[in-house]
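Enquirer: how would this look folded up:
(2 chains)
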Amino acid sequence: RKEVEQDPGPFNVPEGATVAFNCTYSNSASQSFFWYRQDCRKEPKLLMSVYSSGNEDGRFTAQLNRASQYISLLIRDSKLSDSATYLCVVLTGGGNKLTFGTGTQLKVEL
Amino acid sequence: DVKVTQSSRYLVKRTGEKVFLECVQDMDHENMFWYRQDPGLGLRLIYFSYDVKMKEKGDIPEGYSVSREKKERFSLILESASTNQTSMYLCASTIDRGRGNGYTFGSGTRLTVV
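Expert: Residues are numbered from 1 along each chain as shown, chains lettered A, B, ... in the order given. I've put the predicted structure just below:
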């Protein structure tokens, strides 16, 4: 079983739609959680951290459920510029390393 | 603006060649990392270093070695390149590896081994 699992997609959605991505992780000792965004042929960049209480950054909302070992990302009012791959990332190994999911591809269409 | 610079964007090498991938960061970070990214497998950690001359194996170190002679430079070495090492290689650095939101990645080197 992979340490971090995501649905690869692609999710094809119209502009203005709300879309949600989920991610599960297997290591119950995982400490911190993040969503990174990766544009085509570019490097990953931090989108947002995920806190136990849930957190919001503009149109983006992240949630963490430690009991179910589950992380989510909600994007409201999708824009064309949101088209990218979203990577679920978990800090494990005593804080020594990041473990990446394979990513979920989002395509926002006119 | 902080930067992680990888020396080559695209590289084509022959099977059996010794290959050096260079990464330089200008942020005075102690921690540096090498990942490879493949479709369907995501980013996988090859090696990391938390200090000059220190190195630790990641999840897939076989066929690779690293060198960290100076704080700002972390080199990945393919001792004898093979076709299964064709991949996108990403370097990253962070001042505190206990904070997953502080990682900066280079723009990647796409290596093709023929």
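
Enquirer: hang on, residue B:3 packs against residue B:25?
Expert: Yes. Using C-beta atoms under 8 Å as the test, residue B:3 is close enough to residue B:25 to be in contact (6.9 Å). For the C-beta atoms, the positions are set from N, CA and C on the backbone; glycine is no exception.

Enquirer: Find residues that contact each of these two.
Expert: Common neighbours of residue B:3 and residue B:25 (criterion: C-beta atoms under 8 Å, 6 or more residues apart in numbering or on different chains): residue B:104.

Enquirer: I'd say residue B:21 and residue B:75 touch.
Expert: Yes. Using C-beta under 8 Å, residue B:21 makes contact with residue B:75 at a distance of 6.7 Å.

Enquirer: And the residue most central in space within chain B, how close does it get to residue A:99?
Expert: Centroid-nearest residue in chain B: residue B:34, 2.8 Å away (criterion: C-alpha atoms, centre = their mean). According to C-beta to C-beta, to the nearest Å, residue B:34 stands 15 Å off from residue A:99.

Enquirer: helix or strand right after the worst-scoring helix or strand of chain A on mean pLDDT?
Expert: Least confident helix or strand, chain A: strand A:97-100 with a mean of 88, by mean pLDDT, DSSP states H and E. Next in sequence after strand A:97-100, counting helices and strands by DSSP states H and E, comes strand A:104-109.

Enquirer: What does the pLDDT read for residue A:27?
Expert: Per-residue pLDDT puts residue A:27 at 90.

Enquirer: meant to ask about residue A:95, not that
Expert: On pLDDT, residue A:95 comes in at 61.

Enquirer: And for residue B:16?
Expert: Residue B:16 carries a pLDDT value of 97.

Enquirer: and it, helix, strand or coil?
Expert: The three-state label given to residue B:16 by DSSP: H, G, I helix; E, B strand; the rest coil is coil.

Enquirer: give the contact list for it.
Expert: By C-beta under 8 Å, 6+ apart, the residues touching residue B:16 are B:80-81.

Enquirer: Tell me where the chain has strands.
Expert: Because you didn't say which chain, this covers chain A. Counting by DSSP state E, one finds strands in chain A at the ranges A:4-6, A:11-14, A:19-25, A:32-38, A:44-50, A:55-57, A:60-65, A:70-75, A:84-92, A:97-100, A:104-109.

Enquirer: wrong one, I was asking about chain B
Expert: For chain B, the strands defined by DSSP E occupy B:4-6, B:10-13, B:19-25, B:31-38, B:42-49, B:56-57, B:64-70, B:73-78, B:87-94, B:104-105, B:109-113.
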